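> Predicted model and sequence below, questions to follow.
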Amino acid sequence: MKKKLVISFIALFVVIVINFLIPIAMEGDPVLMLLGIEEAEINLETYQYYYQEMNLHKPLPVRFFHYFFDTITGDFGYSFHFDQEISSLISSRIPNTLQIAIPAILLSSILSIVLGIPMGMRKGKTLDRTTSLSMIVVDAIPAFLLGLMLILLFASKLQWFPYGSLNSTIPPTGFFPLLLDRLHHLFLPILTLTLASLPSKYLIVRNMTANLRCEKYIIYARARGLSTSRIYYSHILKNIAQPFVTVVGLHVGIILSGTLVIETIFSIKGMGSLISDAISFRDFRVLQSCLYVSALTVVIANLITDIVCKLLNPKVRLGVYDET
Amino acid sequence: MKHKIFLIMGLFILAVFTLFSIFPQLFAPYFPKEIFTPWQSPSFIHLLGTNDMGFDIFTEIVYATKNTLIIGITSALISLSLGSIIGILAGYTTGFSRHFFDGLIQVVLMIPMLPLAIVIAAVVGTSPLNTILVIALLGWGQTAKAVRAKTIELKQSSFVEALVILDISNTQIMRKHIFPNLLEVVLAKYIMSVASCIMLESTLSFIGLGSTVDVTWGTMINLAYQRGGFLRGAYNWLLTPGLCITLCILAFYFINIYFEHTKDRVSDLNIK
């Protein structure tokens, strides 16, 4: 646990160092490069402001010191293109990203267990082979293509769901109509993200279950006449819970990468569309801040998974067994 | 026997794409950048229709194969070499260097790859070489982790112990005795690594960070999406490059299934 914390801090530090070194490695005027603007677009006063804000008149080590403390206190500076503080820009976008990321994480985890355990128990049978093969095929489809295909099918051909965005252009009044409207809009992006992250989790659950199915306690549980679902969710699930939670934690980063692309396709104003806007503006400071925030998210997710893993272990939870 | 079908299917798909990339002129009905009437729907004259500039889409796909495969294969190769070297060092050495390389692997695995790749690709600019380097330098974590685990396992085996007793130098043990035993792990990782490199390349290209000169399948989808292929219903332009990416990745997955199955069978035989 202590080692994991150290590694997490080093990872964040490395991200900050990379962010700091990038403008130094770039050719040309650092202010113009970082803001992604032409010389004609900016007046002297604004230029001076940014020059001061980035501490460019100070020596390199001092600059790093300032950059480091600004970043860890969440002060990313002011964005020229978005005309907003970058930190408030990002914090206004994060809720929208979480709205599709969290349901997708939960759904894909639940589905991978519900599908993976029964398929692992009948590994090698026709049903397992078809399910696993179709999962592998889905896994081979890039997330953006999956999104485009779902839009074409459900929004364009069948017209069951809207093309994108979070609400209708004229949102309905009242809490429940508003909620239904939101769910209607979020269905396709969540489905895309769930499908994109399901196969790898499913295959892991299936393989772990397949390895467990010949264990003696499973055979005894069978012999005692326990119901199949009791064996699945009480015997097997308990034994694969710890590695499974670790995998879910590791996949937060992958889900995050998935949202980057999917938000652009479904025109949801979240972190992902912020990144693609920043790319088209060449606004490096926004890109760097987004990188830092996503690294921070992954680190926090990893730490939470570690704590959950510890709590799942009854030896630790009940304090029977001292881990050291 | 049943698993051989996967190997044959995978190799068949790869063979077709390899032929596409070596002899594009044999398969492509037209020259690249040859201009026809834009926005034609698929017909016998233009198998997949034409795009907004009037290029034949099938020809473009055939010519894009080479770029996509080269980026995938070379970046996987570089990241594989990096990963094996760092993995061996983290698994075999002791003291400071062990902690250093161990930490390096864990730090790299912790940093979310796509945002970092986006930031670096946005800075260094878009050329195939840059894309290869960005993917290679970020993607070695998983390989290193697998190699490290296998090295630790090998280090405890009796033949390595015997070599240590014989006073063979560590460098030689790592190079001549441990590395050959890692080939199985490394090759299995390579197959999956090519697939994930192609996936990452297509994602970067789709976001608009791919090379615009050397067109890949990802760039084609990006252009189709940006230039209104979606609104005009030119699904042939939008989806066929994606289908090619999927088939290509699937081919590597299939080959991997076959090898994993044979590996299982070999280890079953050893136990019995």
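In hand now; what should we look at?

> Which positions in chain B make contact with chain A?
Selection of chain B residues close to chain A by C-beta under 8 Å from any C-beta of the partner chain yields B:103, B:106-107, B:110-116, B:118-120, B:122-123, B:195, B:199, B:202-203, B:206-209, B:221, B:225, B:230, B:235, B:238-239, B:242, B:245-247, B:249-250, B:253, B:257. Where you see a C-beta, it was placed from the backbone N, CA and C, and this is true even at glycine.

> Going through those, which ones are buried?
Neighbour counting by 16 or more other C-beta atoms under 10 Å in any protein chain shown classes B:103, B:106-107, B:110-116, B:118-120, B:122-123, B:195, B:199, B:202-203, B:206-209, B:221, B:225, B:230, B:235, B:238-239, B:242, B:245-246, B:249-250, B:253, B:257 among the residues of chain B next to chain A as buried.

> tell me the pLDDT at A:Leu312?
pLDDT recorded at A:Leu312 is 84.

> residue ranges for the strands of chain B, please.
Assigned strands in chain B: none (criterion: DSSP state E).

> show me where pLDDT drops low in it?
The model of chain B has pLDDT under 70 over residues B:1, B:264-272.

> Show me where it has its helices.
Here chain B has its helices, by DSSP state H, at B:4-22, B:24-27, B:57-92, B:95-110, B:113-124, B:128-138, B:141-155, B:158-165, B:170-172, B:179-207, B:217-226, B:235-271.

> Spatially central residue in chain B, please.
B:Val194 (1.9 Å; C-alpha atoms, centre = their mean).

> what's the answer for chain A, then?
A:Leu256 (2.2 Å).

> residue contacts, the residue in the stretch 51-200 of chain B that chain A sits nearest to?
Residue of the stretch 51-200 of chain B nearest chain A, by C-beta to the nearest C-beta: B:Leu114 (3.6 Å). Applying C-beta atoms under 8 Å, 6 or more residues apart in numbering or on different chains to B:Leu114 gives the contacts A:Leu256, A:Ser257, A:Leu260, B:Leu200, B:Thr203.

> Kindly reformat the helices of chain B as a markdown table and extend each row with distance to A:Gly74.
Below are the helices of chain B laid out as a markdown table (distance: least, C-beta to C-beta, whole Å):
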| stretch | distance to A:Gly74 |
| --- | --- |
| helix B:4-22 | 47 |
| helix B:24-27 | 51 |
| helix B:57-92 | 33 |
| helix B:95-110 | 20 |
| helix B:113-124 | 17 |
| helix B:128-138 | 26 |
| helix B:141-155 | 28 |
| helix B:158-165 | 49 |
| helix B:170-172 | 46 |
| helix B:179-207 | 26 |
| helix B:217-226 | 33 |
| helix B:235-271 | 38 |
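
> from the ones you listed, which stretch is densest packed?
helix B:217-226 (a mean of 25; mean count of other C-beta atoms under 10 Å in any protein chain shown).

> quick one: that one to helix B:235-271, angle?
150 degrees (axes from the mean of the first three to the mean of the last three C-alpha atoms, to 10 degrees).

> Give me the distance from helix B:217-226 to the chain's centre.
Averaging C-alpha positions (C-alpha atoms, centre = their mean, to the nearest Å) puts helix B:217-226 19 Å from its chain's average.

> Can you tell me which helices and strands it packs against?
Of the remaining helices and strands, those touching helix B:217-226 by 3 or more C-beta pairs under 8 Å, 6 or more residues apart in numbering or on different chains; DSSP states H and E are helix A:143-150, helix B:57-92, helix B:179-207, helix B:235-271.

> Which strands and helices lie in contact with the longest one?
Which is helix B:235-271. Under the contact criterion of 3+ C-beta pairs under 8 Å, 6+ apart, helix B:235-271 touches helix A:126-140, helix A:143-150, helix B:4-22, helix B:57-92, helix B:179-207, helix B:217-226.

> one step back: do I have it right that the residue nearest to the centre of chain B meets B:Ile71?
No: applying C-beta atoms under 8 Å as the test, B:Val194 and B:Ile71 come out as separate, 10.0 Å apart.

> I'd like the helices and strands packed on helix B:235-271 written out as CSV, with distance to A:Arg213 added.
What follows is those, written out as CSV (distance: least, C-beta to C-beta, whole Å):
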stretch, distance to A:Arg213
helix A:126-140, 11
helix A:143-150, 31
helix B:4-22, 23
helix B:57-92, 31
helix B:179-207, 24
helix B:217-226, 40
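
> So which of the ones you listed is nearest B:Arg98?
Closest approach to B:Arg98 among the helices and strands packed on helix B:235-271 (C-beta to C-beta): helix B:57-92, 6.3 Å.

> what's that closest one packed up against?
helix B:4-22, helix B:24-27, helix B:95-110, helix B:128-138, helix B:141-155, helix B:179-207, helix B:217-226, helix B:235-271.

> out of these, which comes closest to A:Phe161?
If you check each of these against A:Phe161 by C-beta to C-beta, helix B:235-271 wins as the nearest, at 18.0 Å.

> how far off helix A:126-140 does that closest one point, in degrees?
In this structure, helix B:235-271 runs at an angle of 130 degrees to helix A:126-140, with the same axes, to 10 degrees as the basis.

> Quick one: closest of the helices of chain B to A:Thr246.
That would be helix B:95-110 among those, by C-beta to C-beta, at 12.1 Å.

> Pull the contacting residues for residue 60.
In the absence of a named chain, this looks at chain A. A:Ile24.

> Chain B was what I was after
Contacts of B:Glu60 by C-beta under 8 Å, 6+ apart are B:Pro32, B:Asn51, B:Val215, B:Met220.

> neighbours around the third one, how many?
Going back to what we said before, that points to B:Val215. 22 (other C-beta atoms under 10 Å in any protein chain shown).

> Pretty sure it sits against B:Lys66.
No: using C-beta under 8 Å, B:Val215 is not in contact with B:Lys66, being 10.1 Å away.

> between the helices and strands packed on helix B:235-271, which gets nearest to A:Met271?
Across the helices and strands packed on helix B:235-271, A:Met271 has its closest neighbour in helix B:179-207 (13.3 Å, C-beta to C-beta).
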